[in-house]
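[1] have a look; sequence and predicted model below, questions after that.
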Amino acid sequence: MPRHSTPFTEEKPPVKGSLNPFLGGNAISSKDIPKLEEWPTFSGEGEYNHIEFIITIDMLKEDFNIPDEIIVGKLHSLFTRTEKKWYYKMRQDHGKHVWPFWKSEVITKWANNSWRFKMKNAF
C-alpha cells in the first residue's frame, strides 16, 4: 500500500485541470466551491436537525454544480462527534458511495421516532 493510503482510498496522481475530467465544459475549479468553513456541520447530538444539514448540502450542490465526489470527500470534515464515528463505521462497512446514498443513510439513522415526536411537538 502506498505511504499515504488508507484502507478506504488508493493514492492516485492528481488530476490536472478540472476537478472531475468527466464534467467537460461544466468543470468547476476549486476556487468556485465554498470554503470548508462555509459548509454546515452535523454532529447528531443535542438539538440536531439532519434535514437542515441535508437541504443545505443539496443547495450547495445545485448552486455551485458540485459533483458528488467533492461532497463525499468533505463528509469526513462535515460530520463531527457521534456522526463522524457513525460515518467511519458505515464507510468501512459499505465503502465509497455518492451523496444520495449518504443522504438516505443519514435520514434512516436520525429520523427516528424520538426526533419525529420532538419536531411534531415543537410546532
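    Happy to help now that I have it. Model, not experiment: these values are computed from the prediction.
[2] CA only for contacts and neighbour counts going forward, please
    Fine.
[3] avg pLDDT for the helix or strand I55 falls within?
    Using DSSP states H and E, I55 sits within helix 50-64. The average of the pLDDT scores along helix 50-64 is 95.
[4] helices or strands up against that helix?
    Applying 3 or more C-alpha pairs under 8 Å, 6 or more residues apart in numbering; DSSP states H and E, one finds that helix 50-64 contacts helix 68-78, helix 99-110.
[5] how many degrees apart are that helix and helix 68-78 in direction?
    Relative orientation of helix 50-64 versus helix 68-78 (axes from the mean of the first three to the mean of the last three C-alpha atoms, to 10 degrees): 140 degrees.
[6] just the CA coordinates of helix 50-64, formatted as PDB?
    Extracted C-alpha coordinates of helix 50-64, given in PDB (Å, rounded to 0.1, in the frame of the first residue of the first chain):
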ATOM      1  CA  HIS A  50     -30.300  16.500  10.000                       C
ATOM      2  CA  ILE A  51     -32.900  17.700   7.500                       C
ATOM      3  CA  GLU A  52     -31.500  21.300   7.600                       C
ATOM      4  CA  PHE A  53     -28.000  19.800   7.000                       C
ATOM      5  CA  ILE A  54     -29.100  17.800   4.000                       C
ATOM      6  CA  ILE A  55     -31.100  20.700   2.500                       C
ATOM      7  CA  THR A  56     -28.000  22.900   2.800                       C
ATOM      8  CA  ILE A  57     -25.700  20.400   1.200                       C
ATOM      9  CA  ASP A  58     -28.300  19.800  -1.600                       C
ATOM     10  CA  MET A  59     -28.500  23.600  -2.200                       C
ATOM     11  CA  LEU A  60     -24.700  24.000  -2.400                       C
ATOM     12  CA  LYS A  61     -24.600  21.100  -4.800                       C
ATOM     13  CA  GLU A  62     -27.200  22.700  -7.100                       C
ATOM     14  CA  ASP A  63     -26.000  26.300  -6.700                       C
ATOM     15  CA  PHE A  64     -22.300  25.600  -7.400                       C
END
